[in-house]
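Participant: mind folding the following:
(one chain, ligands or ions: 3)
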Amino acid sequence: MHGPLRDSHGRIMRDLRVSVTDRCNFRCLYCLPETEEAADFYRTRFDGLRQPVTPIASATPIHREWKPKSEILSFEEITRVVRIAVGLGIEKVRVTGGEPLLRQGVDRLIGSLSALAGIRDLAMTTNGALFAPQATRLRAAGLDRVSFSMDSLDRDNFRRMTGRDGLAGVLEGIRLARELGFHPVKVNAVVIRGMNDHEIPALAGFAAEHDLSLRFIEFMPLDSSRAWQKGLVVPGREILERLRGGFELHPVDASANPSETARRWRLGGGRGEVGIIAPVSEPFCGHCNRLRLTADGKLRTCLFSLDEHDLKPLLRGGGSDDALAALLHDRVRHKEAGHRIGQADFVQPQRSMSCIGG
Ligand code: SAM
Ligand code: SF4
Ligand code: SF4
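Facilitator: Ligands and ions are numbered 1, 2, ... in the order given. Coordinates of the predicted model:
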């Protein structure tokens, strides 16, 4: 018998993020940039920043090859890990990637996960481009909630930020998610200074108009170009000031859920909500209850973990459920106290957010 997954800092794990693929059909500037335009953006923006600058050309790029299929966990393997984790107290499961909707038949995985007793909340994070054609199947398979990533409402700016001309598809996905009864429909926007910070009011207005839960997220050093700079981060309090300038904000009491990452406000008029996730300027690691499973079967105890723990030898080598549970317990015990962004000893993880699973 194994009890809940408790780390050496007293935190109990309740939330598991499962990446189902490291591949993506977008190339977001802050995650997996590839285009010359993206490189140019960083080069030109860096000139105006006060911090010392590492030009993109000389930054060491993170390894960006896709993992071979043989290393990617099957749906059966993922379901087994989730079942064991749920037996150890995990209640929330978020399917992510890379782009999870690129994984063939992902609705079958959703179906298997939703059949597990003990999951309170089964969600997905997607860039939305492939959501519309799969939405009905995902809903029928038991997906409770969906979060879309949408950083801009301007077609050209959206393309600059994601490397793809995909805004119309994402808007259609959001519309359909609401129509199908996903609730709340969340939208995540990573805010980058000089890129989309001028769109903060427009994005909040969109949330009010369509009754969405919008999350503004600070840019974290998890991009494959290693081009992150502090000066590109718009701190949460600055986002809040800009929102206060145009909206009536009513704080949402989150005291019942101390592991909530966002500070949240209802928007005046009664429709929609905004939240600010500020991991860089206001870290919330002290209440972290999250674990991550990468598409290639590695357990990560922190977004910024420098080492990962491969579950495949046990999964594929005849390991028992008990042995897997013992491994989860052992690794969670060593979960990092928090990230070290801004400290002299900070080291960016080897893999980008697209591989880690946001
Ligand atoms: N492809 C899907 C998507 O974009 O929604 C799921 C995976 S993506 C890695 C998950 C989330 O991570 C997205 O909301 C994205 O905006 C966020 N993200 C990626 N890189 C980030 C970074 N460097 N800083 C902050 N958030 C980031
Ligand atoms: Fe792809 Fe999501 Fe990363 Fe954008 S944030 S590149 S959509 S994985
Ligand atoms: Fe949790 Fe690590 Fe993120 Fe802090 S940085 S909230 S410890 S995953």
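
Participant: count of residues packed around the closest residue to ligand 2 within the stretch 51-200 of the chain?
Facilitator: Of all residues in the stretch 51-200 of the chain, N127 sits closest to ligand 2, at 3.6 Å by C-beta to the nearest ligand atom. C-beta coordinates here come from the backbone N, C-alpha and C atoms, glycine included. Around N127 there are 27 other residues, counting by other C-beta atoms under 10 Å.

Participant: wait, it sits on T162?
Facilitator: Yes. Under the criterion of C-beta atoms under 8 Å, N127 makes contact with T162 at 7.2 Å.

Participant: okay, and the common contacts of these two?
Facilitator: 26, 28 (C-beta atoms under 8 Å, 6 or more residues apart in numbering).

Participant: and the residue nearest the centre of the chain, what does it touch?
Facilitator: For the chain, the residue nearest the mean C-alpha position is G358 (2.4 Å; C-alpha atoms, centre = their mean). Residues in contact with G358, defined by C-beta under 8 Å, 6+ apart, are 17, 31, 96, 125.

Participant: what helix or strand does the closest residue to E99 other than its chain neighbours sit in?
Facilitator: Sequence neighbours aside, C24 is the residue nearest to E99 in space, at 4.5 Å (criterion: C-beta to C-beta, 6 or more residues apart in numbering). In the assignment (DSSP states H and E), C24 maps to no helix and no strand.

Participant: may I have the beta-bridge partners of the residue lying closest to V18 once chain neighbours are set aside?
Facilitator: Nearest residue to V18, sequence neighbours excluded (C-beta to C-beta, 6+ apart): L293, at 4.9 Å. Counting by DSSP bridges, L293 forms beta bridges with V18, L299.

Participant: pretty sure L293 is touching V81, no?
Facilitator: Yes. At 6.0 Å, L293 counts as touching V81 under the criterion of C-beta under 8 Å.

Participant: more crowded one of these two?
Facilitator: A count of neighbours by other C-beta under 10 Å puts L293 above the other of L293 and V81, at 25 against 22.

Participant: list the residues that contact R300.
Facilitator: R300 sits next to 291-294, 308-309, 356 when contact means C-beta under 8 Å, 6+ apart.

Participant: in a helix, E76, correct?
Facilitator: Yes. Membership of E76 in a helix is supported by DSSP: H, G, I helix; E, B strand; the rest coil.

Participant: tally up the residues packed near it, please.
Facilitator: 10.

Participant: how about the contacts made by it?
Facilitator: For E76, no residue meets the contact criterion (C-beta under 8 Å, 6+ apart).

Participant: ok, and the most crowded of the contacts of G358?
Facilitator: For those, counting by other C-beta under 10 Å, the largest number of neighbours falls to C31: 26 neighbours.

Participant: what residues are up against that residue?
Facilitator: 24, 222-224, 352-354, 358.

Participant: for those, give me CSV that also has distance to ligand 1.
Facilitator: Shown next, in CSV, are those (distance: C-beta to the nearest ligand atom, whole Å):
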residue, distance to ligand 1
C24, 6
L222, 4
D223, 5
S224, 9
S352, 7
M353, 3
S354, 5
G358, 3
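
Participant: same for ligand 2: which of those are within range?
Facilitator: Filtering the contacts of C31 for neighbours of ligand 2 using C-beta under 6 Å from any ligand atom leaves 24, 353-354.
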